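In: what's the 3D shape of this:
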Amino acid sequence: MNTDTGMAYQSSNGPTGSTNWRGCASGEPWKLIEVLSMVMGFIVFWPLGVAVIGWKFWQRKSGYQGDIVTFGREKWNATWGARRWRTAADHWPGSGSGMGSTGNRAFDEWRAAELARLDEERQRLIAAEREFADYMENLRHAKDREEFERFMTEQQSRQGH
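Out: Residues are numbered from 1 along each chain as shown. Got it, this is the predicted structure:
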């Protein structure tokens, strides 16, 4: 189990007995759906395969935890799901979408206050997520620094003999 991300990764003992293989050079491991997407992308239209490889590089750089299918669903829901909901809500007056008045002033004021409270909570969650991502990045950096210093110490001790 990877302590940075909580994700499982394969471990293999190389000649030194301590190498960990994690798929894409310290990124998330390739999942079956991603490998199939890449292969099918190259078979159908080669830029699709290149796009999957580019997505894996972006995933490693950004620290995104999900696979390509999860990413696609999130983007689809963010783009089309919310728009579909808003459009359907526009056809139902007083549906609670915040788009119009229900005719009851007290309810409309309560709804506006609740939506404002939920938006504040969402902003707090976004800030907490950003802080956690920074924390994890600092942990990874400290681990990298420790491994580098251990390597340099070993190199100096070998050269000293």
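In: what segments of the protein are helices?
Out: 32-44, 46-62, 68-76, 82-90, 105-160 (DSSP state H).
In: could I get these as TSV with mean pLDDT and mean neighbour count?
Out: Using the backbone N, CA and C atoms, a C-beta is placed for each residue, glycine as well. Below are these laid out as TSV (pLDDT from 0 to 100; neighbours: other Cβ atoms under 10 Å):
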stretch	mean pLDDT	mean neighbour count
helix 32-44	84	14
helix 46-62	81	14
helix 68-76	77	13
helix 82-90	53	12
helix 105-160	93	10
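In: excluding its backbone neighbours, what's nearest the residue nearest the centre of the chain?
Out: Residue closest to the mean C-alpha point of the chain, counted by Cα atoms, centre = their mean, is Tyr64 at 2.4 Å. Sequence neighbours aside, Phe71 is the residue nearest to Tyr64 in space, at 6.9 Å (criterion: Cβ to Cβ, 6 or more residues apart in numbering).
In: residues contacting that neighbour?
Out: Shown in contact with Phe71 (Cβ atoms under 8 Å, 6 or more residues apart in numbering): 55, 59, 64.
In: and the second one, how far from Ile68?
Out: Separation of Gln59 from Ile68 (Cβ to Cβ, to the nearest Å): 8 Å.
In: go on, Arg158?
Out: Per Cβ to Cβ, Arg158 is found 43 Å from Ile68.
In: got it, and Asp108?
Out: Computed with Cβ to Cβ, the distance linking Asp108 and Ile68 is 42 Å.
In: Phe148 now?
Out: Distance from Phe148 to Ile68, counting by Cβ to Cβ: 32 Å.
In: swap in Gly41?
Out: 10 Å.
In: identify the contacts common to these two.
Out: In terms of Cβ under 8 Å, 6+ apart, Gly41 and Ile68 are both contacted by the residues Val52.
In: output stretch 54-65 in CSV with nothing but the alpha carbons.
Out: C-alpha atoms of stretch 54-65 as CSV (Å, rounded to 0.1, in the frame of the first residue of the first chain):
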residue,chain,number,x,y,z
GLY,A,54,-0.4,12.5,-22.3
TRP,A,55,-3.3,12.1,-19.8
LYS,A,56,-1.1,9.7,-17.8
PHE,A,57,1.7,12.3,-17.7
TRP,A,58,-0.9,14.9,-16.6
GLN,A,59,-2.2,12.5,-13.9
ARG,A,60,1.3,12.0,-12.5
LYS,A,61,2.0,15.8,-12.5
SER,A,62,-1.3,16.8,-11.0
GLY,A,63,-1.6,13.9,-8.5
TYR,A,64,-5.0,13.0,-9.7
GLN,A,65,-6.1,9.7,-8.1
